[in-house]
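Visitor: next one to model:
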Amino acid sequence: MSEYIVLMKSELMVTIIIFMLLFIKLGKGMQLERWLSLLQLLLLINVAVAFGFNDTGRIFGGMYVHNSLLGFQKGILALGVYLISLVGADWFTENDNGIELFILMLSSLLGMNFLISSDHLLIFYLSLELTSIPAAAMANFDLQRRKSSEAAMKMVMSSALASGILLFGISIIYGITGSLDFAVVWGGLTNEPLHVAAFVFIFSAVAFKLSVVPFHFWTADVYEGSPVPVTAFLSVVSKGAIAFVLTTLLLQLFPNLNPAWYPMVVGLSILTMLVGNIFALRQDDLLRFVAYSSIAQVGFILLALSGQTIEAKSVITYFVLIYVFSNLAIVGVVSVLRSQVSILKISELKGLYNRSPLLAWTFALGLFSLAGIPPAAGFFGKFFLFMEGAKKENYIFLTIAALNMIVSLYYYLRIVRFAFVSVDGVVQKITLASSVKLGLVVCAMGIIITGIWSWIFDHIRSLV
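Guide: Below you'll find the predicted structure:
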């Protein structure tokens, strides 16, 4: 029993929080506003539990595996949820459905934890469903907005399609190898056409969840229609979990198919960067901009995977940690602007510095980091992604990726310029709640510290 508790500490902690929220919801007239501080404390404890002592072992007949790197990855996801509870505090206190939203969010997080630790395709599939179904329900939580219902419908349909494709790929794998265990599957696959076809189905299903082009069509509409905390969850926590899983699939489950999937990953990486950047250039809606920006970032994750070395696991883990701080800094500011001054457009950001210097500087730091401008941590994250991709010495691919970084500089810096442009007359000042201030400061400090403190990357490398 002690082994189960140690290895599944993150899952057990999340489950305890879910049951606590269920009991609170059963109370008459209970609103999340009264319990938000306690919930934030429990989520912080969950972060400490995830990052804390991590043992190595297998349970459930070897279908569940845990080690220090997986524990660190779960800690990153737990940190993302904790920061969402801080920067999205305005939404949670203003809406009556905050408890239900958090129950669904934590249920999805629970699925992600199992997904990361899966070493069996059956557990992998069930965990992916536990991740996706609550996320689709969360997209519909702006009940007064028609776009929110549209977002939920699109997410349900895309998730159902991805699940069907995934199941078909898994069935082919089982027919080939007679097993769903990762170790047996790995040893039974070769470059035969049927084996490659099974991989394509499984990869396509995961690419739907990660918004790899051309599987990205649902992303912008879902991000725009969902409540801002849900957009933050989908763009950071969900994408981080799927990036970890895709790394495991390519480098540990399908390494024998390297000759087949390398050109596929290179081509999709280029396409994802190009489409994400081109459409981000054209956006005026802040949440749609976040969607296409996140799509472009996925292209750089695929760049690192093209290097086909196990070191990509540490590089992608480090990049996702940076991405959590950077993207939540941006989405946190958007959440405040949407709730307090109804700003939804990039063109309406003028005068942001006059409204709140903290919002303007946090927003700028997040954008600098995503653009890869030093000393923001995003520069080092992109640098290590490029170094990993360079191991295959595909210099045409690297040149295209570098040019895409230059293109992204334009639209990131354009938004920064809007935020610091002064406007004539008196503007409405923005008052920030203490939890929102804390969340934004943590994001801003995280962007700086993860970049200049090399111990963090060295520690992640030591876990691989």
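Visitor: how far does the strand or helix carrying F325 sit from the chain's center?
Guide: If you go by DSSP states H and E, F325 is part of helix 312-340. Counting by CA atoms, centre = their mean, to the nearest Å, helix 312-340 is centred 8 Å from the centre of its parent chain.
Visitor: next helix or strand past that helix?
Guide: helix 352-355.
Visitor: and that following helix, what does it pack against?
Guide: Other elements packing on helix 352-355 under the criterion 3 or more CB pairs under 8 Å, 6 or more residues apart in numbering; DSSP states H and E are helix 357-371, helix 395-420. Glycine gets a C-beta too; all of them are placed from N, C-alpha and C.
Visitor: list the buried residues in it.
Guide: Burial within helix 352-355, assessed by neighbour count using 16 or more other CB atoms under 10 Å, is assigned to L352, Y353, N354, R355.
Visitor: now render these as JSON lines, adding pLDDT and distance to V196.
Guide: Listed next are the buried residues of helix 352-355 as JSON lines, based on pLDDT from 0 to 100; distance: CB to CB, whole Å:
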{"residue": "L352", "pLDDT": "84", "distance to V196": "50"}
{"residue": "Y353", "pLDDT": "86", "distance to V196": "53"}
{"residue": "N354", "pLDDT": "84", "distance to V196": "57"}
{"residue": "R355", "pLDDT": "85", "distance to V196": "54"}
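Visitor: closest one of those to G169?
Guide: Of all the buried residues of helix 352-355, G169 sits closest to L352, with 46.2 Å by CB to CB.
Visitor: which intervals of the stretch 1-150 of the chain have sub-threshold pLDDT?
Guide: Filtered on pLDDT under 70, the stretch 1-150 of the chain yields the residue ranges 1, 28-33.
Visitor: check what pLDDT D424 gets.
Guide: Looking at D424, its pLDDT stands at 66.
Visitor: quick check: closest non-adjacent residue to L337.
Guide: I343 (4.0 Å; CB to CB, 6 or more residues apart in numbering).
Visitor: show me what contacts the one you found?
Guide: Counting by CB atoms under 8 Å, 6 or more residues apart in numbering, I343 touches L286, L337, L349.
Visitor: tell me, how many residues neighbour the second one?
Guide: Just to be clear, that refers to L337. For L337, the neighbour count with other CB atoms under 10 Å is 23.
Visitor: quick one: it from L432, how far?
Guide: Distance of L337 to L432, given as CB to CB, to the nearest Å: 11 Å.
Visitor: who touches both of these two?
Guide: Shared contacts of L337 and L432 (CB under 8 Å, 6+ apart): L359.
Visitor: do you know how far V331 is from L161?
Guide: As judged by CB to CB, V331 and L161 stand 27 Å apart.
Visitor: more neighbours, the two?
Guide: More crowded of V331 and L161, by other CB under 10 Å: V331, with 28 against 15.
Visitor: verify the contact between the more buried one and L234 for me.
Guide: No - contact between V331 and L234 fails when scored by CB atoms under 8 Å: they sit 10.0 Å apart.
Visitor: can you redo the contacts of I343 as JSON lines with distance to K9 and pLDDT?
Guide: Output for those, formatted as JSON lines (distance: CB to CB, whole Å; pLDDT from 0 to 100):
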{"residue": "L286", "distance to K9": "37", "pLDDT": "89"}
{"residue": "L337", "distance to K9": "37", "pLDDT": "87"}
{"residue": "L349", "distance to K9": "42", "pLDDT": "84"}
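Visitor: SS state for the nearest residue to A152 once chain neighbours are set aside?
Guide: Closest residue in space to A152, ignoring its immediate chain neighbours: N140 at 3.5 Å, by CB to CB, 6+ apart. What DSSP: H, G, I helix; E, B strand; the rest coil gives for N140 is coil.
Visitor: just checking, N140 touches K154?
Guide: No - judged on CB under 8 Å, N140 makes no contact with K154 at a distance of 10.7 Å.
Visitor: and the helix or strand encompassing K74, how far out from the chain's middle?
Guide: K74 is part of helix 68-87 when elements are defined by DSSP H and E. The gap between where helix 68-87 is centred and where its chain is centred comes out at 10 Å by CA atoms, centre = their mean.
Visitor: what does stretch 382-396 give?
Guide: For stretch 382-396, the distance to the chain centre is 22 Å (CA atoms, centre = their mean).
Visitor: circling back: quick check: next helix or strand after the helix holding K74?
Guide: Taking DSSP H and E, what comes next after helix 68-87 is helix 89-94.
Visitor: which strands or helices does that following helix pack on?
Guide: By 3+ CB pairs under 8 Å, 6+ apart, helix 89-94 packs against helix 32-51, helix 98-116, helix 228-232, helix 312-340, helix 434-452.
Visitor: please redo it, this time with the cut-off set to 10 Å
Guide: helix 32-51, helix 68-87, helix 98-116, helix 228-232, helix 312-340, helix 434-452 (3 or more CB pairs under 10 Å, 6 or more residues apart in numbering; DSSP states H and E).
Visitor: so what touches that helix?
Guide: Contact partners of helix 89-94, identified using CB atoms under 10 Å, 6 or more residues apart in numbering, comprise 31-37, 39-40, 84-86, 98-99, 101-102, 141-142, 227-230, 232, 332, 335-336, 338-340, 432-439.
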